[in-house]
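Q: need a structure here:
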Amino acid sequence: MNRKLLFVAAMLACVTGFSLNSADACGRRHSSCHSSCHTVYYVPCCEPICCIPCMDSMPVDPIEVVIGEIKSFADDTPETQTLIDDTLKELMETVNGGAEARNAWLEEYAYPPITAEDQQNFEAIIADLSDEDKAKERTRWQGLSNAGKRYYNYMFAKGGEEVTWLLDYSKGLSQVAVQDKPLAVIFGTGANGGAKALRGAVASRNVRRILANNYICVYVDTTTPAGKELSKSFGFTGASGLVLSDRTGEKQAFWHQGSLSSGRVSLYLQKYANPRTLVQSTEKVGSPRNLSKATIASVPARTRTVPVTTVVSD
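A: Prediction:
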């Protein structure tokens, strides 16, 4: 529905007194129309569209907005331009991956309100700047959309990019509680398959930084007898896959068999590194899981996921 049609509909609604505040008119967060509107436009939910002052802001695609915002981060350094190019590539890989991927992006970046933690993360990024530059960056950050603020924090967060791969699953699991970080278990082939398992994803600076700073990373070689057995216990039938735990190490937050683009990987890594993410079910991407050996918790599955399962220890 374009701007003119929305305006005409709003005027008719006002004249007739009929409210178009329905599932077809407003899609954001409205469970009965979750996939109707916001797959195309960012539409504020449950405000009558005959509210004329709101009309100019209705047909705004948050992805188009954040693309422009990411481009605006450019400066004179080639390093920043490379970071921008890589981030835009990841973003487009994600949102062009179908309605499910697009909606997952919206739920992670565009819809949630900015929190005190987001503000603190931003302040940590600009901590070493002069007072004048801090004021400029604060003004710029405050003018960004919610997704733009999160991408600013995501792109410029401090921290190393060197991923430490543990080869012992039990050791990795024991470190979850010690370091208060979720577990990322990557299944692949060969002795140095951590990067190969995700193909080009680990080559991304953003993905490397998220893994290095927010996860206990374990690589499992599925060509070994122990690796085959562990892979089977997780329900994998192929040679590669990715499992993310919650921050307790007791529940699977995410399960995927096969490869993923860097954009999709970064989206899920960001999501489950967030301490505010409550794991109520195992989000699944890829081939159907074999749950025959999994312990099913008494938690209802959400749309497009399977029930929460206990992470299997070797």
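
Q: following element in sequence after the longest helix seen in the chain, please.
A: In the chain, with assignment by DSSP state H, the single longest helix is helix 78-95. Per DSSP states H and E, the first helix or strand lying C-terminal to helix 78-95 is helix 99-105.

Q: before we move on, the earlier item: what does the longest helix of the chain rub up against?
A: 63, 66-67, 70-71, 73-74, 101-102, 104-105, 151, 154-155, 204-206, 261-264, 266-267 (C-beta atoms under 8 Å, 6 or more residues apart in numbering). Where C-beta positions appear, they are placed from N, C-alpha and C, glycine not excepted.

Q: just give the number of residues close to Pro78.
A: 8 (other C-beta atoms under 10 Å).

Q: scratch that, Gly143
A: Gly143 has 11 neighbours, counted by other C-beta under 10 Å.

Q: next: Trp255.
A: Other residues near Trp255 come to 24 when the count uses other C-beta under 10 Å.

Q: could you do Thr222 as well?
A: Look at Thr222: counted by other C-beta under 10 Å, it has 22 neighbours.

Q: backbone phi and psi for it, please?
A: phi -80, psi 0 (degrees, to the nearest 10).

Q: the spatially closest residue to Phe236 that is not a sequence neighbour bridge partners, please.
A: What sits nearest to Phe236 in space, not counting adjacent residues and going by C-beta to C-beta, 6 or more residues apart in numbering, is Gln257, at 5.5 Å. Per DSSP bridges, the residues bridged to Gln257 are Gly241.

Q: now Gln257: how far from Lys284?
A: 9 Å (C-beta to C-beta, to the nearest Å).

Q: which of the two has more neighbours?
A: Gln257 (22 against 18).

Q: apart from its chain neighbours, what residue comes closest to Leu183?
A: Closest residue to Leu183 in three dimensions, ignoring its sequence neighbours and counting by C-beta to C-beta, 6+ apart: Ser245, at 4.1 Å.

Q: correction: the previous question concerned Arg247.
A: Pro182 (5.1 Å).

Q: looking at it, that neighbour is touching Lys251, isn't it?
A: No: using C-beta atoms under 8 Å, Pro182 is not in contact with Lys251; the gap is 9.7 Å.

Q: spit out the residues that contact these two alike.
A: By C-beta under 8 Å, 6+ apart, the residues touching both Pro182 and Lys251 are Ser245.

Q: more neighbours: the two, which one.
A: Shown here are Pro182 and Lys251; by other C-beta under 10 Å, Pro182 has more neighbours (25 against 19).
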